[in-house]
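Undergrad: Prediction below, plus the sequence it came from.
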Amino acid sequence: MTDTTTARARRRAAVDPRFPGRQDWSSWPAYEAAAEGFRGYWYPVEWSSRITGTPRAVTVCGEKLVLIRDGGTAYALFDRCPHRGVPLSMGNQQFPGTLSCVYHGWTFDLTDGALTAVITDGPDSPICGKVRVVTYEVAERLGMVWVYIPLASEAAPSIDEQLPEELVGNDFVMGGRMGDRVGNWRFACENGYDEGHAKYLHRTALWRLYKTMPTWNLTHIEKRGRWIYRVQDEVHFEATFPGVGTWTNYRWWKQRPPTETFNIGNTGKPKQINPVIAAQEFPGFASVSMPGVLRIVYPTFIHYEFYVPVDADNHRYIGVMVNFPATKRSGYWFFARYLGWIRWLFHGQFSGQDALMVEATDAPPERLYRPDVSLTMWRQLAQDAVAARQAGS
Amino acid sequence: MTDTTTARARRRAAVDPRFPGRQDWSSWPAYEAAAEGFRGYWYPVEWSSRITGTPRAVTVCGEKLVLIRDGGTAYALFDRCPHRGVPLSMGNQQFPGTLSCVYHGWTFDLTDGALTAVITDGPDSPICGKVRVVTYEVAERLGMVWVYIPLASEAAPSIDEQLPEELVGNDFVMGGRMGDRVGNWRFACENGYDEGHAKYLHRTALWRLYKTMPTWNLTHIEKRGRWIYRVQDEVHFEATFPGVGTWTNYRWWKQRPPTETFNIGNTGKPKQINPVIAAQEFPGFASVSMPGVLRIVYPTFIHYEFYVPVDADNHRYIGVMVNFPATKRSGYWFFARYLGWIRWLFHGQFSGQDALMVEATDAPPERLYRPDVSLTMWRQLAQDAVAARQAGS
Amino acid sequence: MTDTTTARARRRAAVDPRFPGRQDWSSWPAYEAAAEGFRGYWYPVEWSSRITGTPRAVTVCGEKLVLIRDGGTAYALFDRCPHRGVPLSMGNQQFPGTLSCVYHGWTFDLTDGALTAVITDGPDSPICGKVRVVTYEVAERLGMVWVYIPLASEAAPSIDEQLPEELVGNDFVMGGRMGDRVGNWRFACENGYDEGHAKYLHRTALWRLYKTMPTWNLTHIEKRGRWIYRVQDEVHFEATFPGVGTWTNYRWWKQRPPTETFNIGNTGKPKQINPVIAAQEFPGFASVSMPGVLRIVYPTFIHYEFYVPVDADNHRYIGVMVNFPATKRSGYWFFARYLGWIRWLFHGQFSGQDALMVEATDAPPERLYRPDVSLTMWRQLAQDAVAARQAGS
């Protein structure tokens, strides 16, 4: 958004009562500019099992990539043959270690993208070695293929520096779902970390059929390392709004609300907390880090959401549920629970309610309220990360 | 359309024989500017029976509204929660007299749009009373909900001043259909009042299966009050075009054409005219008034069409057939006739032929002919209405 | 593409390694400008049998036309009633030798487009004779209706000057298919004449199930008259690419590759060549001429492709297979072969592979290679044709 656009928006607000509040995100200029995501980060793009010898096209941060597996290793190239612009993902392998364009058999080395042969121009083709397709660094973690989208052409940092710390060096069992969703990735991330909506929007979710959701909370945000945490200071299960009425999510068939505010899960103090999770000493139930990773901590498992920018109007939603089992048997038991209901209720219907909101959100203009400190602190986290990087730290 | 565009269009016409005639509507600048309709008028938007406690979204004059009924009264609000831009029509009622946004439970008073409670921010939410959603004045007439789309934020004039005069103070029975149609509302209104097309385009309509349509007419336009009337001076049922041939809509199974020109209905002098209709002393069969209301007068009933602007490319077509019965029994009889065939033949197939033309019309450029005096006089009526309003009358 | 755009593209190339090579087609400015095709040529638009008394809409070079047949002769008019912009193709015939608009019965003479009658305005309609719809010259050849799309309003040259020479004055039997395809017509034409792709992309075509395709060729281009010809100097059926591997299309069930390079067909020297084809002394197997006509010469038949511009994003593909039979019986035999398999394998599946590539091509930017001399020479042919015409020759 240019200065001119911003100025125009401000003028509009002065005269148009239909669009009150903040007219733009110019308080966080880097965040405002990141409609297609932040470059310079690793992004998960597909389940590892779906990357095979048959090329697959994905779009990340507005960039079209082709993924292919060869000799067990996954590779990513810019998905465009430099010859005539045909996607390389329409091609296939003619020789080990290469990918050939479907149109004229231009053949690229998977490791460095170099044009190593042109089938239709013979062994002495003068163009060989003179053309190169851009390649991307690839890693595999959590059963997924990750690609590094560079700022320019810098080498990627280790993916372990970006992964949630507890997922590096601990054994875990996991289940997850991913899918393309309509809406900008920032709306998805803001929705995920949003303090306010969960207890109201999701009050009807089957996942919460037997558990009373709060009516309102008092919250503050704490920063620790790469993450900011929502810390619940007060949790209220019923409220009377002056002149309007009384409201609660409690129903006779639901568990009675807890009497104590607790920051692992949001339904009261649990009997036992998994030792790996306890060891993290998370200050709060919900945390977020760059470039759009949400962590929701429950007593015996952690739910992560990765909001992968596709383009300005679409994102890829990845939800992962992780358990740190003490024994092999308890790991199997967790996975059975995942397949039995977590996958369908939590990663399905509950998360589908969010998808509707992310698609419907249309801001700025926006008029933020008290719980939105979670949103503004997240935007500031993103803004600070870009500033720190530009400062060379 | 800017001056530059107009100038460009004129230059094009000078060199491009494919697009002869009038290149723009700059003779009627207010009309040319009204692609999304004229603000400052009442518009019918939905059947009253369809506005219930469940919010419903409608778009009028490019403006998104949410309609909801509470305690028997219909309300209209701008369909956007100021918080994050989610449509309020996705929400529902949590308290009487209010509408709550589905996302975070922002709760607005239906009468004035004030934010009276925020469920997820507790009873002491500091934002309450500081935000307001724009509301619209609502009326119910002819079994429909009408909203006033203001020029700015002025109070609405009485809807009775805008309704066809004979519909205020007389008892009537009615039937009607409404639906969204493709095409600008001006093409719909011009098609409705258009002298030229009816007898040619609709000659194949089942509604006219047994009644001969004229071949050509001589017409003039008379203004009376808020309305202009088409007055038929001559009606010709057959014509021989020099060097081309003879043409008539008469067929052996159709009624013989009338020998007399008459201005109530267009198929000859009727035996009896309904007293309420006769009392109006309408100068002509077809009349039109702002902001796009057509009246077609038959001896025993009147057909109205309301062309409601949705956006620049779509309108809402509302066709209503009204009878002024002398007795309750004759009212029931009219309604039976309406359900029996008028609804399906006239408001269905006949009117569907118009829908095709409205969608296909693409003007200006346009090359008008003699019967198009009905169009230019209508445009002038609209132009004069805007000028009178700007002059403060 | 403006100079500014070109300059921007060049700057991008300097910094963006994802889009190497030629950034625009400014070396051939007339070709670059011809996104909607070259005006001043005859184009085939529909099978003659499909042009009847019922009007049919077609789009050529971005221009909307209505075709209709009257008294055995096909006519083409600009498909827009000057009155209100409704397509004349929605109308029908009310009088011989005319076409009437569906909306108000404006009636145009098919020979010169003059408005000869307005049904709804009577015999003395003052507008008659004052309005004219643009008409197009029409010819019928090869069982198709052709229209001349003029540069301005010049008379059309004889279509025989534009048809492939061997199709004028020789008897022939033919079969063909046509259909609308996605993609700019230039990508379709370049694909058709492209030296490089056929043997690689089409290696899997059923049409070539029993015939080995070459791996790579050496080619040069010869110009003769209006045509340029691809002349194959070397044909290689196997190649070993250093460090990559060996590649051949030969399989045990396919015919052994020929040992001799030959320029009628690309599968070796045939036993016998049709006398009409032999008499042409074509220098090469594949040739192309303006405004986008491909000729592929086989020993006993010739395949033509016409790439008809519809608009910037769509073209009409017409494939025609022509045989010059010595006897009536051999003509019948050819047509049986056409219906039996040529139509389905060659004009169907084989040509469908091309359709996919034309849709996927996205150039410039492009990085051309040695066999693309066929492309650049074709662009130069087009460029020279425009220059010669502008020079008045």
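TA: Good, I have the coordinates. Numbers count the residues shown, from 1 in each chain, chains lettered A, B, ... in the order given.
Undergrad: what pairs with the residue of the stretch 201-350 of chain A found nearest chain C across the strands?
TA: Distances between the stretch 201-350 of chain A and chain C by CB to the nearest CB are smallest at A:Asp311, namely 15.8 Å. In this view, the C-beta of every residue, glycine as well, is placed from N, C-alpha and C. As for beta bridges, A:Asp311 partners with A:Asn314 under DSSP bridges.
Undergrad: go on, the one 10 residues further on?
TA: Each beta-bridge partner of A:Met321 is listed here, defined by DSSP bridges: A:Gly175, A:His303.
Undergrad: re earlier: my read is that the residue of the stretch 201-350 of chain A closest to chain C contacts A:Thr59, right?
TA: Yes - A:Asp311 lies in contact with A:Thr59 (CB atoms under 8 Å); the separation is 6.4 Å.
Undergrad: and the closest residue to chain C within chain A, how many neighbours?
TA: Chain A approaches chain C most closely through A:Gly85 (3.4 Å), counting by CB to the nearest CB. Close neighbours of A:Gly85, defined as other CB atoms under 10 Å in any protein chain shown, add up to 19.
Undergrad: How about the contacts made by it?
TA: Contact analysis of A:Gly85 by CB atoms under 8 Å, 6 or more residues apart in numbering or on different chains lists C:360-363, C:365-366.
Undergrad: repeat that with 10 Å
TA: For A:Gly85, the contact set (CB atoms under 10 Å, 6 or more residues apart in numbering or on different chains) comprises A:103, C:19, C:21, C:187, C:360-367.
Undergrad: Next: A:Pro371.
TA: A:194-197, A:216-219, A:230, B:104, B:118, B:120-122, B:125.
Undergrad: Which secondary structure elements does whichever strand or helix holds A:Ser330 sit against?
TA: Per DSSP states H and E: A:Ser330 is located in helix A:328-337. Packing partners of helix A:328-337 (3 or more CB pairs under 10 Å, 6 or more residues apart in numbering or on different chains; DSSP states H and E): strand A:173-182, strand A:314-323.
Undergrad: Flag every buried residue along it.
TA: A:331, A:334-335, A:337 (16 or more other CB atoms under 10 Å in any protein chain shown).
Undergrad: hmm, the next helix or strand after that helix in reach of chain B?
TA: Counting by DSSP H and E, the next helix or strand C-terminal to helix A:328-337 is helix A:351-360. Yes - using CB under 10 Å from any CB of the partner chain, helix A:351-360 reaches chain B at A:353, A:356-357, A:359-360.
Undergrad: re earlier: list of residues touching the helix holding A:Ser330?
TA: Contacts for helix A:328-337 (CB under 10 Å, 6+ apart): A:171-175, A:274, A:300-301, A:321-325, A:327, A:342-343.
Undergrad: make it 6 Å
TA: A:173, A:323, A:325 (CB atoms under 6 Å, 6 or more residues apart in numbering or on different chains).
Undergrad: Run through the stretch 251-393 of chain A and note the low-pLDDT ranges.
TA: Applying pLDDT under 70 to the stretch 251-393 of chain A picks out residues A:266-269, A:393.
Undergrad: still on that earlier bit, the residue of chain A closest to chain C belongs to a helix, doesn't it?
TA: No - per DSSP: H, G, I helix; E, B strand; the rest coil, A:Gly85 lies outside any helix segment and is coil.
Undergrad: Tell me, how many residues neighbour the residue in chain A that chain B sits nearest to?
TA: Going by CB to the nearest CB, chain B is nearest to A:Asp362 of chain A, at 3.4 Å. Per other CB under 10 Å, the neighbour tally for A:Asp362 reads 16.
Undergrad: contacting residues around it?
TA: Contacts were defined as CB under 6 Å, 6+ apart; by that measure A:Asp362 touches B:Gly85.
Undergrad: coming back round to it: which residue, neighbours along the chain excluded, lies closest to the residue of chain A closest to chain C?
TA: C:Asp362 (3.4 Å; CB to CB, 6 or more residues apart in numbering or on different chains).
Undergrad: before we move on, what about A:Gln383?
TA: Per CB to CB, 6+ apart, closest to A:Gln383 is A:Trp28, 4.3 Å.
Undergrad: And the pLDDT for the one you found?
TA: On pLDDT, A:Trp28 comes in at 97.
Undergrad: circling back to that earlier point, locate the residue nearest to A:Gly85 within the secondary structure: which element?
TA: Counting by DSSP H and E, C:Asp362 is found in no helix or strand.
Undergrad: Please tell me how far it sits from B:Ile264.
TA: Noted for C:Asp362: a distance of 64 Å to B:Ile264, by CB to CB, to the nearest Å.
Undergrad: With A:Asn263 instead?
TA: 79 Å.
Undergrad: Stretch A:110-121 close to chain C?
TA: Yes - using CB under 6 Å from any CB of the partner chain, stretch A:110-121 comes into contact with chain C via A:116-117, A:119-121.
Undergrad: Equivalent analysis for stretch A:58-71, please.
TA: No - using CB under 6 Å from any CB, stretch A:58-71 stays clear of chain C, with a minimum separation of 8.2 Å.
Undergrad: Residues of chain A that sit close to chain C?
TA: Residues of chain A lying near chain C (CB under 6 Å from any CB): A:78, A:82-86, A:95, A:103-105, A:116-117, A:119-123, A:127, A:131, A:134.
Undergrad: Let me see the ranges of the helices in the stretch 1-150 of chain A.
TA: Assigned helices in the stretch 1-150 of chain A, in chain order: A:3-15, A:29-33 (criterion: DSSP state H, counting those that start in this stretch).
Undergrad: Worst mean pLDDT among the ones you listed?
TA: Taking the mean pLDDT of the helices of the stretch 1-150 of chain A, helix A:3-15 comes last: a mean of 53.
Undergrad: wait, is A:Ala188 part of a helix?
TA: Yes - when three-state DSSP is applied, A:Ala188 is found to be in a helix.
Undergrad: Find the nearest non-adjacent residue to it, please.
TA: A:Tyr307 (4.3 Å).
Undergrad: and the one you found, bridged to which residues?
TA: Those that pair with A:Tyr307 in a beta bridge, by DSSP bridges, are A:Tyr317.
Undergrad: residues in contact with it?
TA: Counting by CB under 6 Å, 6+ apart, A:Tyr307 touches A:185, A:188-189, A:292, A:315.
Undergrad: In terms of helices and strands, where is the residue nearest to A:Pro29 when sequence neighbours are not counted?
TA: Nearest non-adjacent residue to A:Pro29, counting by CB to CB, 6+ apart: A:Gln383, 7.4 Å away. If you go by DSSP H and E, A:Gln383 is part of helix A:373-390.
Undergrad: tell me which residues in that helix are buried?
TA: A:374-375, A:377-383, A:385-386.
Undergrad: what would the residues you listed look like in JSON lines with distance to A:Ser287?
TA: Compiled in JSON lines, the buried residues of helix A:373-390 are given as follows (distance: CB to CB, whole Å):
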{"residue": "A:Ser374", "distance to A:Ser287": "10"}
{"residue": "A:Leu375", "distance to A:Ser287": "14"}
{"residue": "A:Met377", "distance to A:Ser287": "11"}
{"residue": "A:Trp378", "distance to A:Ser287": "10"}
{"residue": "A:Arg379", "distance to A:Ser287": "15"}
{"residue": "A:Gln380", "distance to A:Ser287": "15"}
{"residue": "A:Leu381", "distance to A:Ser287": "10"}
{"residue": "A:Ala382", "distance to A:Ser287": "14"}
{"residue": "A:Gln383", "distance to A:Ser287": "18"}
{"residue": "A:Ala385", "distance to A:Ser287": "15"}
{"residue": "A:Val386", "distance to A:Ser287": "19"}
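Undergrad: Kindly report the residues of the stretch 1-150 of chain A close to chain B.
TA: Within the stretch 1-150 of chain A, the positions near chain B by CB under 6 Å from any CB are A:17-18, A:20-21.
Undergrad: domain assignment for chain A?
TA: Using automatic domain parsing, the domain parsing of chain A gives A:3-33, A:41-159, A:168-362.
Undergrad: For stretch A:120-130, which outside residues touch it?
TA: Against stretch A:120-130 from outside (CB under 6 Å, 6+ apart): A:104-105, A:115, A:118, C:196, C:200, C:216, C:239, C:241, C:369-370.
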